[in-house]
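Student: Below is the structure, and that's it, no one-letter string:
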């Protein structure tokens, strides 16, 4: 079973992310440039890898801005990619009792 996809705000954009496991430590990773947080679970090897990481951490997996389930990028100059700390902060807010430290 895959975790629920949630969305963190980064400026006007929504960044798709999923949280699996319990930390500390927090482990933040992206699904890559051409991926989708919901679809990575369809590959048994990747699903096993993510579950293994979540067995010893709180794993926060996200789609970069403009990819997967995150909001698309508007036309124009490329903007900075999301900072994992922003996603960690937002995901901590959704889990009462989590240590934001």
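Tutor: Noted; the coordinates are in hand. Keep in mind that what you see is a predicted model, and the values were worked out from it rather than measured.
Student: Between the two ends of stretch 1-16, what distance do you get?
Tutor: Counting by C-alpha to C-alpha, to the nearest Å, the length from the leading to the trailing residue of stretch 1-16 is 18 Å.
Student: What are the buried residues along that stretch?
Tutor: By 16 or more other C-beta atoms under 10 Å, the buried positions in stretch 1-16 come out as 2, 3, 5, 6, 8, 10, 13, 15, 16. C-betas here are computed from N, CA, C, even on glycine.
Student: Figure out how far that stretch is from the centre of its chain.
Tutor: With C-alpha atoms, centre = their mean, to the nearest Å as the basis, stretch 1-16 stands 7 Å off its chain's centre.
Student: center of the protein - which residue?
Tutor: Centre of the chain computed as the mean C-alpha position; nearest residue by C-alpha atoms, centre = their mean is residue 62, 2.3 Å away.
Student: ok, now how distant is that residue from residue 56?
Tutor: Distance from residue 62 to residue 56, counting by C-beta to C-beta, to the nearest Å: 19 Å.
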